[in-house]
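Engineer: Need coordinates for the following:
(one chain, ligands or ions: 2)
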Amino acid sequence: MHIPQALTIAGSDSGGGAGIQADLKTFQELGVYGMSVITAITAQNTAGVQGVYPVEMAGIVQQLHSIGDDLQPVAVKTGMLFSAEIIREVAQAVQAYGWTTLVIDPVMVAKGGSVLLQEQAVQALIQELLPLAAVITPNVPEAELLIGRPIRTLAEREQAASQLIDMGARAVVIKGGHDTSTAQAIDVLYDGRSFHYVEGPRIHTPHTHGTGCTYSAAITAELAKHNDLLTAVQTAKAFVHAAIEDGLGIGSVHGPTNHFAYRQRRAVR
Ligand SMILES: Nc1ncnc2c1ncn2[C@@H]1O[C@H](COP(=O)(O)OP(=O)(O)O)[C@@H](O)[C@H]1O
Ligand SMILES: Cc1ncc(COP(=O)(O)O)c(N)n1
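Structural biologist: Ligands and ions are numbered 1, 2, ... in the order given. Predicted coordinates:
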């Protein structure tokens, strides 16, 4: 039996809604064998981040080698990378092992405001990792930091996507979760040739912990199955929409999304 394989390089979320946990659950639900390199452990729940504990560098480097020397992920995603030093090691491994289908989710701050990428690491992300991206998936605040100016309108989002291509990414998705000015949650996809608006109705809920991780993991899983990028983004959008809409009601504050929802809905059709 052939099972598509994917790797996530990200932080652990003890609460299970974001990070490595969201990525592996998403891979599994989409029929993809998941592997992981853990960059940092976060003590986290639906109320916020109580602590961040980076894994020692030797441990991160060894995880990358253990996978690269033996296993062959078809698609790889990055999430929380925390420091410039970690970014540099990840960029080296990506090149050494030929992980060309690289999805970069440039995770910077948790929804409650905790820092998941040190400020001085943003330049390393731009210079060393971004040029290796098959696709980079910033939300609007992350895209603003990457290009260095504010993004207010959809036209400005298109310009930002174009600038991120000029900076070296092969494709860009600027996500619309943060832009509450529209009734639709619109994600703008640009591959250097054409723009696609991948959208769905905005759901009014505080329970969106881990949406970005889940979405980029779903794109990675679909690319691991050799789908084209537009199809992968459309499937990821349907996956995350179902996950938000059928929220689990877990925890006391900003709850996680429901990773079972997409598959359950397809099963009853
Ligand atoms: N309230 C919402 N209703 C519907 N879709 C949403 C909502 N919030 C986020 N999304 C979708 O979830 C995905 C992740 O987006 P976003 O929340 O902006 O990322 P991040 O978690 O990185 O901030 C995108 O496809 C976005 O359109
Ligand atoms: C370990 C880890 N990685 C990423 C996020 C971002 O989560 P979100 O998808 O809600 O922006 C998080 N809260 N924790």
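Engineer: Backbone torsions only: list them for the nearest residue to Thr26 once chain neighbours are set aside.
Structural biologist: Nearest non-adjacent residue to Thr26, counting by CB to CB, 6 or more residues apart in numbering: Ala217, 3.8 Å away. Any C-beta I mention is one placed from the backbone N, CA and C, and that applies to glycine too. Torsion angles at Ala217 (phi, psi; degrees, to the nearest 10) stand at phi -70, psi -40.
Engineer: any idea how far Ala217 lies from Gly34?
Structural biologist: Computed as CB to CB, to the nearest Å, the Ala217 to Gly34 distance reads 9 Å.
Engineer: Now do the shared contacts for those two.
Structural biologist: Counting by CB atoms under 8 Å, 6 or more residues apart in numbering, the residues touching both Ala217 and Gly34 are Thr8, Asp23, Phe27.
Engineer: State the mean pLDDT of the helix or strand containing Glu144.
Structural biologist: Applying DSSP states H and E as the criterion places Glu144 in helix 140-147. For helix 140-147, mean pLDDT rounds to 96.
Engineer: picking that back up, neighbour count winner among Ala217 and Gly34?
Structural biologist: Neighbours were counted for Ala217 and for Gly34 using other CB atoms under 10 Å; Ala217 has more, 35 against 21.
Engineer: ok, so what distance separates the more buried one from Thr8?
Structural biologist: Going from Ala217 to Thr8 by CB to CB gives 7 Å.
Engineer: any bit of the helix holding Glu144 sitting next to ligand 1?
Structural biologist: No - contact of helix 140-147 with ligand 1 (CB under 6 Å from any ligand atom) is absent, the minimum separation being 7.0 Å.
Engineer: and that helix, what does it pack onto?
Structural biologist: With contacts defined as 3 or more CB pairs under 8 Å, 6 or more residues apart in numbering; DSSP states H and E, helix 140-147 has these neighbours: helix 154-166.
Engineer: returning to what we had before: just the buried positions in the helix holding Glu144, please.
Structural biologist: Neighbour counts over helix 140-147 (16 or more other CB atoms under 10 Å) mark Val140, Glu142, Ala143, Glu144, Leu145, Leu146, Ile147 as buried.
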